[in-house]
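A.B. asks: The sequence and its predicted three-dimensional model are supplied below.
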Amino acid sequence: MIKFLHICTATLIILCAINNQAWAASEEIQVYMDEINAPKQFGLDIHTNFVMSGNRTPDYPGAQAPGRVFRITPEFSYGLTPNWELGAYILMSHAASENSTVDGEKIRLKFLATKASDQGFFWGANLEIGRVAYRIDENPWNAELKGMFGYRGDRWTVATNPNIGWKISGPVESPSSFHLDSKIAYKTDHDLEVGLESYNEFGPIHHMGHLDQQSQTVFAVVDFNVRGWDLNLGIGRGLTSASDRWVAKAIINVPF
């Protein structure tokens, strides 16, 4: 019950904060690694990002242009077994010229293969299904299957997520697409991890290529812990004309 009250309190704080922001990238800018809740354990991550410099022109009539949009997405999670975790997201955003909005909901099911305590290599998968508002996507229902592969050593961490996304329902033709997220980080003597994360779109699976016409973004990131709160902070630079030019992001893991 105490854990549940903590989750509710954190959510109320988020909702109050977004309504007072004067201020888009994806709702979740993260490379999935080997974290998973223990059975019957609750979790809460707060994903935020702000497009400091990006396109101000909507992709289609009624769409939300990404430039100067602040997104905040609480991600709730619950450990089902040592290998399986259930999660849910609430997507919210605020643009300078608009009111704060709830943009949709998503659920996910994560699997992480069992590994020995001294084993560095890990692998798993994450399936996500969600419904979003028209201003976010012309097709309301979409899904994504994310692979999770990597190595975590005493100093170095390397991980990659090959992702396939597809439309479940909607009026607009939308072929399945592929993108690849990766991370490399180094842990310093002060338990501070510094590294790079890259988020790369490859386009439709049946016609991949032309990377200069797809979003390609690299983030400089730091990961650290403050009194039990795990933080991931990053500044991203878009490398193509299809990318947001500058994006700031933060992921806050709320301890229970």
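C.D. replies: Right, received. Where do you want to start? On a predicted model such as this, the values are computed, not experimentally measured, just so you know.

A.B. asks: what secondary structure does His206 sit in?
C.D. replies: helix (DSSP: H, G, I helix; E, B strand; the rest coil).

A.B. asks: For Gln214, see how far away it is.
C.D. replies: Distance, His206 to Gln214, by Cβ to Cβ, to the nearest Å: 15 Å. Placement of C-beta: from N, CA and C, glycine included.

A.B. asks: and these two? which has more neighbours close in?
C.D. replies: Legend: neighbour count by other Cβ atoms under 10 Å for His206 and Gln214, higher for Gln214 (17 against 8).

A.B. asks: right, and the more buried one touches Gly238 too?
C.D. replies: No: counting by Cβ atoms under 8 Å, Gly238 is not a contact partner of Gln214; they are 10.9 Å apart.

A.B. asks: Show me the common contact partners of these two, please.
C.D. replies: Contact criterion Cβ atoms under 8 Å, 6 or more residues apart in numbering; residues shared by Gln214 and Gly238: none found.

A.B. asks: excluding its backbone neighbours, what's nearest the most centrally placed residue in the chain?
C.D. replies: Nearest to the geometric centre of the chain sits Glu28, at 2.0 Å (Cα atoms, centre = their mean). Nearest non-adjacent residue to Glu28, counting by Cβ to Cβ, 6 or more residues apart in numbering: His47, 4.9 Å away.

A.B. asks: The one you found bridge partners, please.
C.D. replies: Thr73, Ile251 (DSSP bridges).

A.B. asks: these two touch, right, it and Phe70?
C.D. replies: No: under the criterion of Cβ under 8 Å, His47 is not in contact with Phe70, lying 11.7 Å apart.
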